[in-house]
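> Please work out how this folds:
(4 chains)
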There are 2 protein chains.
Amino acid sequence: MLTERQKKILSAIIDDYIHTAEPVGSRTISKRRDIGFSSATIRNEMADLEELGYLEQPHTSAGRVPSQKGYRYYVDHLLNIDQHSPVDIMGIKYFFDQKFFEMEQVIQQTAVILSRLTNYTSIVLGPEVFQTRLNRIQIVPLSPHSAVAILITDTGRVENKTISVPEGISVNDIEKLVRIINHKLQGVRLTEMRTRIYTEINRELRQHLETYDQVMEMISRGFFDQSADRVYLKGTTNIMNQPEFRDVDKARHVLEWLERDDAVLRLFDSLDGDGNLQVRIGHELHEEAVNDCSVITATYHLDGQKLGVVGILGPTRMEYARVIRILEHFTRNLSYTLNRLYHGEGS
Amino acid sequence: MLTERQKKILSAIIDDYIHTAEPVGSRTISKRRDIGFSSATIRNEMADLEELGYLEQPHTSAGRVPSQKGYRYYVDHLLNIDQHSPVDIMGIKYFFDQKFFEMEQVIQQTAVILSRLTNYTSIVLGPEVFQTRLNRIQIVPLSPHSAVAILITDTGRVENKTISVPEGISVNDIEKLVRIINHKLQGVRLTEMRTRIYTEINRELRQHLETYDQVMEMISRGFFDQSADRVYLKGTTNIMNQPEFRDVDKARHVLEWLERDDAVLRLFDSLDGDGNLQVRIGHELHEEAVNDCSVITATYHLDGQKLGVVGILGPTRMEYARVIRILEHFTRNLSYTLNRLYHGEGS
DNA sequence: ATTTAGCACTCAAACGAATGGAGTGCTAAC
DNA sequence: GTTAGCACTCCATTCGTTTGAGTGCTAAAT
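Got it, this is the predicted structure:
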């Protein structure tokens, strides 16, 4: 347990480091208004804080730098997230004052605005397909041997696949299948669909379709193979403005990692369930490539149900307080806007 | 007009520079097997080539570097694109030996494989929506105040928009409208659709729909506002492996430019019509941010009609010959595969 | 009339010693 | 417990020196 003075000093050091990106010396801290001690005293406290693992020294004659443990403590106990910046508030308000007409557009623009507001990289996960329910499946033939299959969820998300139709299956067969699926499975969660198809309506389908197996294979392959939701990234190059990523190779590692959608997706899958807002610092991400980065995530909702996630990725030396304030405020507005969009202006 | 010897020397210099990224000295060239002259002779020729604008000197006591004019001459007159690399051939063959089931997947994977094969950034433009024809429009209601509108082209491309339905318009109205559009406009080019709607079937629609204006506004806004085709980028970070982009700021400029879809799209719009394959070097791109880059583009086709474009972006010091060989070979295979996918295995 | 050998000259990059200064740890006084 | 003072450390910067690749020019060779 840290003393009040230690907390004050640790907080001052991290605040300073977040803004200067330079190791913080004892004199810098002692000169601050809210600290009433000489540099010598600060030095002693700093030595203690280092021993406790909250600070690090790049080399003997340099100032101190927060360790990841230090950041964690800072985020958990020292953060002041009350005072919003008027500029940020205005930016968010301005964004949501726009007229939106479709969900996808809102989500995409969200990524843009968040990276611009924060000056970090924004990561936005669109509505998770498999959380949602089936509204309808539709098959539109293109040529004798190809068709496009369209799956619509209750949240208005549309997934489509152009599929090539195997020899020996008629358009008729497919339409029959689709009709049955639509009839039986409307409102079923996409997660359950596959099993439901294979168990419940298996028999019924077999009765109606001679070419059942082939059609099933086609449909399955179309929709269930890749579970890749849309990941929207914006402001990836912002990381290169951070002094600690002025090195091309360091920046490249992060950018290469960001380029791999699956890696980003994996990160978001490992979100703990509880809590709307989450901060993960450096090693806590369990991803080698972003060991020197932190990610702050928040969820947005439709009808009280979690729809997707927005996140901000920056260096561990991130402006935690500001980003948290922005994300909290933003997702609240986002959920509201999506609800309005979905249920109509009135509600 | 250059003499044969000048061509030989220019070619040798550029070849060397492309592989080493270091200014090329006269001695290096004179030592090559296929050049039978002393370094002094080469020096004289180099001085001439510099005077003609094909070469540049970073500083007096350095070797020569090709100018953009030099690259242009090299690409136009000195390129040997005959001998394919077996590795590249194999890579392409391996790719197309896969079983593909949908167009979108092929296009996406194309971006991945091209950046991997070339070690440059690949830019792939999916089928251009507005070149294609309408197959069908479909409206699926989600809630009393929102619906998803789906537009399907004859090439199997699906565009969808979630739209919020204005007060006073019933689902019935919309369905009526959709039925009319589908009936009247099937097979019409998307480019012509808007005008056709406003002229030809205007009267008919008005008769059937009291809320015509509002519905039209909704539909128009849904589909015609953004003409954003999908741009697939892969291997953007490859640029950072190029020695001339080891500088963070230089790399950042290019990456920031690439992040802006509209800029990339603009570049591809300015493609000259003629010729399947096109090389644009540095300033020829007319984009400040990529003045030190070159782009090689090639088109792919469906039924003899241009469907989309693939491109490779690298430094002006790019392996032109190799990339051209890869793109030529690749797009030929791609067109073939897409045709097979669309028309069925047999054809 | 070309081509080449030879040589003086240029200049960026690499190296290394010297300097400056921010910051520490420790000790002794307050 | 706090602070002033001081010796010490070590990185970053500066600045001259060296190195070497490469040039341009001239005069000899072919």
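> isn't A:Ile14 right up against A:Tyr74?
Yes. Proximity of A:Ile14 to A:Tyr74 meets the contact threshold set by CB atoms under 8 Å, at 4.8 Å. Glycine gets a C-beta too; all of them are placed from N, C-alpha and C.
> State the distance from A:Leu190 to DNA strand D.
Note on A:Leu190: its distance to DNA strand D, by CB to the nearest atom of the strand, to the nearest Å, is 53 Å.
> State the pLDDT value of A:Glu204.
As predicted, A:Glu204 sits at a pLDDT of 66.
> what are the phi and psi angles of A:Phe100?
Phi and psi for A:Phe100, reported as degrees, to the nearest 10, are phi -110, psi 150.
> Next up, the contacts around the closest residue to A:Asn119 other than its chain neighbours.
Closest residue in space to A:Asn119, ignoring its immediate chain neighbours: A:Asn238 at 5.5 Å, by CB to CB, 6 or more residues apart in numbering or on different chains. By CB atoms under 8 Å, 6 or more residues apart in numbering or on different chains, the contact list for A:Asn238 reads A:115, A:119-121, A:314.
> Now these in JSON lines, please, with extra columns for secondary structure, distance to B:Ser270 and neighbour count.
Formatted as JSON lines, the contacts of A:Asn238 follow (DSSP: H, G, I helix; E, B strand; the rest coil; distance: CB to CB, whole Å; neighbours: other CB atoms under 10 Å in any protein chain shown):
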{"residue": "A:Ser115", "secondary structure": "helix", "distance to B:Ser270": "28", "neighbour count": "24"}
{"residue": "A:Asn119", "secondary structure": "coil", "distance to B:Ser270": "32", "neighbour count": "16"}
{"residue": "A:Tyr120", "secondary structure": "coil", "distance to B:Ser270": "33", "neighbour count": "27"}
{"residue": "A:Thr121", "secondary structure": "strand", "distance to B:Ser270": "30", "neighbour count": "24"}
{"residue": "A:Gly314", "secondary structure": "strand", "distance to B:Ser270": "36", "neighbour count": "22"}
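> Let me have those residues in a markdown table, adding pLDDT as columns.
Formatted as a markdown table, those follow (pLDDT from 0 to 100):
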| residue | pLDDT |
| --- | --- |
| A:Ser115 | 98 |
| A:Asn119 | 98 |
| A:Tyr120 | 98 |
| A:Thr121 | 98 |
| A:Gly314 | 98 |
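> Can you tell me which of those residues is closest to A:Ala21?
Among the contacts of A:Asn238, A:Gly314 lies closest to A:Ala21 (CB to CB), at 12.0 Å.
> so that closest one touches A:Leu114, yeah?
No. In this structure, A:Gly314 is not within contact of A:Leu114 by CB under 8 Å, at 11.6 Å.
> Surely A:Asp261 is in contact with A:Val231?
Yes. Contact criterion CB under 8 Å: A:Asp261 and A:Val231 qualify, at 5.1 Å.
> Counting neighbours, go ahead and name the busier of these two.
Neighbour count, other CB atoms under 10 Å in any protein chain shown: between A:Asp261 and A:Val231, A:Val231 has more, with 18 against 13.
> For that one, name its beta-bridge partners.
A:Leu125 (DSSP bridges).
> Could you list which residues are in contact with it?
A:123-126, A:261, A:264-265.
> roughly how far apart are it and DNA strand D?
In this view, A:Val231 and DNA strand D are 37 Å apart by CB to the nearest atom of the strand.
> A:Ala263 now?
Applying CB to the nearest atom of the strand to A:Ala263 and DNA strand D gives a distance of 32 Å.
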